[in-house]
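Chemist: no sequence on this one, just coordinates:
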């Protein structure tokens, strides 16, 4: 549709079996579904051929209009600064190019007047060579604006109707998520600008990739990998998978004029394979992570390599629950990220088998998001499963839960997380129908106890406690996609740590739509919680950080839990 084609969706009602008896007493057969799809495809092809001239002209005019039309605010394009994570920025550029959007590389360092996407504050900023620029004067302008702008305004009449339905507890009419800005999802700094010198731009004709390198040659003592990029996560995965011994620093340190943030990897030459240098060269090339050689243990600032705050990162054995009651989309996205994107092995286990399973062969267990309706984790795992998990965690296991799995942890008979799921904020108590006051019908019909409304896919800000190992690699905030109705009261200080907390109501929403009362209630509540149990950990997300595997900016949070949990 955004390229100038005709956008439409038609689909056949599901036929799970050879014959389905419908509520109107008719029978829908599998062969009917096949025939309907076949006829619809032929009809589409025939209609397209009959109207080919009009369709082609519309396509041409739409593309042509992109060359001359500009947004009313005068923005000429988007600039991406790759400094924070060069590999992640390169992936964003690849995605845009693959969608037919023209992308340019900035050849030389350039100073521009820009507006930061999340704050819209004007500033003068210098962009290094290798930054990316997407011009809005191009045939794919409409798609570029759709994918790169902070958000898309919703029709006021539509919003009023949704609010009306909301107040009557009718189902909303939002279709899918209301926020999808790729720079925000990827956590790539994005800026708008009204002009850029043409002589500093070079068109990207090939999909950009980012190959890392070992800087400083073969090391005598150790190799260092700064933490805080998806490439570093990928490098750690490949190091552990290949049998290399790795340590991680819990505090920042500086050496040879370069500072390495908390979480940075230390790969010592001693006790590692003789071909370590060659292995690291290949891993750097494949992952995109830069590796720094060091010949000395002397540090100018921060902890030293022998500190008790340098942890051995054992190779964790990871298990992932699937099948009932998990959401296939949640379990599938998690498995795809772990196994395909970051190339780390995981064992998938039907959830029902966890009830009495011997989990001693695993260090990490992930419980994906689940359906809010029955059957849930309570039905599938029960009290026996909860006791099995408690014993395993106390002996050193790391349990990672997402969404409805986190809700299950808070139940009285489970008691693995010392918080509770919140219901809608009750308004002040007031007697209904008193003689001196008018009867309040609206208040009288409100449910006494109901969950907050489902959020139709909004991007919000979360503040991170960067002193905790779960938040290593982040500066302060993360952009989180909220899609469910889970609101959790923060943990007490004596029970655990609220590693991720939703920002205050006035700073919470970045993009998309959220109900005003849900926004106010969600503010300053827990997004990511950590609670110790014996020698192990419970790591609980209120929302799915792997949602559709396109929230690239949250990958480090997920893998901090997987890799650093067993190390602590």
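Modeler: Sure, I can see it. Just so it is clear, the model here is predicted, and its values are computed rather than measured.
Chemist: when you work out contacts or count neighbours from here on, use the C-alpha atoms and nothing else.
Modeler: Will do.
Chemist: secondary structure of residue 192: a strand, I assume?
Modeler: Yes: read with DSSP: H, G, I helix; E, B strand; the rest coil, residue 192 is one of the residues of a strand.
Chemist: any idea what it is bridged to?
Modeler: residue 78, residue 115 (DSSP bridges).
Chemist: my read: it touches residue 81, true?
Modeler: No: using CA atoms under 8 Å as the test, residue 192 is too far from residue 81 to be in contact (11.4 Å).
Chemist: tell me which stretches of the stretch 1-150 of the chain form helices.
Modeler: 30-50, 52-68, 86-98, 141-148 (DSSP state H, counting those that start in this stretch).
Chemist: returning to that earlier point: between residue 192 and residue 81, who's got more neighbours?
Modeler: Using other CA atoms under 10 Å as the criterion, residue 192 and residue 81 rank with residue 192 on top: 24 against 20.
Chemist: mind checking pLDDT for that one?
Modeler: Note on residue 192: pLDDT of 93.
Chemist: check contacts around it.
Modeler: Applying CA atoms under 8 Å, 6 or more residues apart in numbering, one finds that residue 192 lies in contact with 75-79, 114-117.
Chemist: try 6 Å
Modeler: Residues in contact with residue 192 (CA atoms under 6 Å, 6 or more residues apart in numbering) are 77-78, 114-115.
Chemist: so which of those comes closest to residue 246?
Modeler: Nearest to residue 246 out of the contacts of residue 192 is residue 78 (CA to CA; 38.9 Å).
Chemist: for that closest one, the count of nearby residues, please.
Modeler: Counted with other CA under 10 Å, residue 78 comes out at 24.
Chemist: ditto for residue 96
Modeler: 20.
Chemist: roughly how far does it sit from residue 132?
Modeler: Distance of residue 96 to residue 132, given as CA to CA, to the nearest Å: 11 Å.
Chemist: check residue 20 too.
Modeler: 53 Å.
Chemist: what of residue 202?
Modeler: 10 Å.
Chemist: so what sits against both of these two?
Modeler: If you check residue 202 and residue 132 against CA under 6 Å, 6+ apart, the residues they both contact are 104-105.
Chemist: so for the two, which sits in the more crowded spot?
Modeler: With neighbours defined as other CA under 10 Å, residue 202 and residue 132 compare such that residue 132 has more, 27 against 15.
Chemist: which of the contacts of residue 192 sits closest to residue 53?
Modeler: residue 77 (32.2 Å).
Chemist: show me the contacts for the closest one.
Modeler: Contacts of residue 77 (CA under 6 Å, 6+ apart): 134-136, 192-193.
Chemist: with respect to residue 241, which of these is nearest?
Modeler: Among the contacts of residue 77, and counting by CA to CA, the member closest to residue 241 is residue 134, at 37.6 Å.
Chemist: what residues are up against the closest one?
Modeler: Contact partners of residue 134, counting by CA under 6 Å, 6+ apart, are 77-78, 103.
Chemist: relative to residue 146, how far out is residue 78?
Modeler: 12 Å.
Chemist: quick one: low-confidence parts of the stretch 351-500 of the chain?
Modeler: 426-437 (pLDDT under 70).
Chemist: how does it look with 90?
Modeler: Residue ranges of the stretch 351-500 of the chain with pLDDT under 90: 356-358, 371-375, 424-450.
Chemist: next secondary structure after the lowest-mean-pLDDT helix or strand in the chain?
Modeler: Of all regular secondary-structure elements in the chain, judged by mean pLDDT, DSSP states H and E, the least confident is helix 441-444 with a mean of 83. Elements were assigned by DSSP states H and E; along the chain past helix 441-444, the next helix or strand is strand 458-464.
Chemist: tell me which other helices or strands that following strand touches.
Modeler: Counting contacts by 3 or more CA pairs under 6 Å, 6 or more residues apart in numbering; DSSP states H and E, strand 458-464 packs against strand 477-482, strand 497-502, strand 509-511.
Chemist: confirm that residue 418 sits in a helix.
Modeler: No: under three-state DSSP, residue 418 falls outside any helix and is assigned coil.
Chemist: give me the number of residues near the spatially closest residue to residue 384 that is not a sequence neighbour?
Modeler: In this structure, residue 384 finds its nearest non-sequential neighbour in residue 355, 6.0 Å apart by CA to CA, 6 or more residues apart in numbering. Per other CA under 10 Å, the neighbour tally for residue 355 reads 17.
Chemist: show me what contacts residue 355?
Modeler: 381, 384-385.
Chemist: how about the residues you listed in JSON lines, adding secondary structure?
Modeler: As requested, the contacts of residue 355 are exported to JSON lines (three-state DSSP):
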{"residue": "381", "secondary structure": "helix"}
{"residue": "384", "secondary structure": "helix"}
{"residue": "385", "secondary structure": "helix"}
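Chemist: for residue 217, give its distance to residue 232.
Modeler: 19 Å.
Chemist: looking at these two, which is more packed in?
Modeler: Neighbour totals were compared for residue 217 and residue 232, and residue 232 leads with 26 against 14 (other CA under 10 Å).
Chemist: surely the more buried one is in a helix?
Modeler: Yes: secondary structure of residue 232 (three-state DSSP): part of a helix.
Chemist: check contacts around it.
Modeler: Residue 232 neighbours (CA under 6 Å, 6+ apart): residue 289.
Chemist: quick one on the thing from earlier: want to try CSV for the contacts of residue 355, with distance to residue 207 as columns?
Modeler: Formatted as CSV, the contacts of residue 355 follow (distance: CA to CA, whole Å):
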residue, distance to residue 207
381, 46
384, 51
385, 47
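Chemist: list just the nearest of these to residue 403.
Modeler: residue 381 (16.2 Å).
Chemist: could you report the neighbour count for the closest one?
Modeler: 21.
Chemist: residue 208 too?
Modeler: 17.
Chemist: which residues sit in contact with it?
Modeler: Here residue 208 is in contact with residue 90 (CA under 6 Å, 6+ apart).
Chemist: per-residue pLDDT, it?
Modeler: 86.
Chemist: surely it is within a strand?
Modeler: No: assigned with three-state DSSP, residue 208 falls outside any strand and is coil.
Chemist: can you pull the phi/psi pair for it?
Modeler: phi -70, psi 140 (degrees, to the nearest 10).
Chemist: now do the helices in the stretch 151-300 of the chain.
Modeler: Using DSSP H, counting those that start in this stretch, helices in the stretch 151-300 of the chain cover 156-167, 182-186, 230-241, 276-287.
Chemist: and for the stretch 301-450 of the chain?
Modeler: Under DSSP H, counting those that start in this stretch, the stretch 301-450 of the chain gives helices at 328-335, 377-394, 404-409, 441-444.
Chemist: tell me the most buried of these?
Modeler: The highest mean neighbour count among the helices of the stretch 301-450 of the chain, using mean count of other CA atoms under 10 Å, belongs to helix 404-409: a mean of 26.
Chemist: and it, how far from the chain's centre?
Modeler: From the chain centre to the centre of helix 404-409 is a distance of 19 Å (CA atoms, centre = their mean, to the nearest Å).
Chemist: which residues sit against it?
Modeler: If you take CA under 6 Å, 6+ apart as the criterion, helix 404-409 is touched by 369-370, 415-417, 540.
Chemist: and the residues you listed, which is closest to residue 34?
Modeler: residue 370 (30.7 Å).
Chemist: tell me what that closest one is bridged to.
Modeler: residue 326.
Chemist: surely it touches residue 327?
Modeler: Yes: using CA atoms under 6 Å, residue 370 is in contact with residue 327, at 4.7 Å.
Chemist: show me which of the two is the more surrounded one.
Modeler: residue 370 (26 against 17).
Chemist: number of residues surrounding the nearest residue to residue 141 once chain neighbours are set aside?
Modeler: Leaving out its chain neighbours, the residue that sits closest to residue 141 by CA to CA, 6+ apart is residue 66, at 5.1 Å. For residue 66, the neighbour count with other CA under 10 Å is 18.
Chemist: separation between residue 66 and residue 201?
Modeler: 19 Å.
Chemist: ok, now residue 393?
Modeler: Separation of residue 393 from residue 201 (CA to CA) stands at 54 Å.
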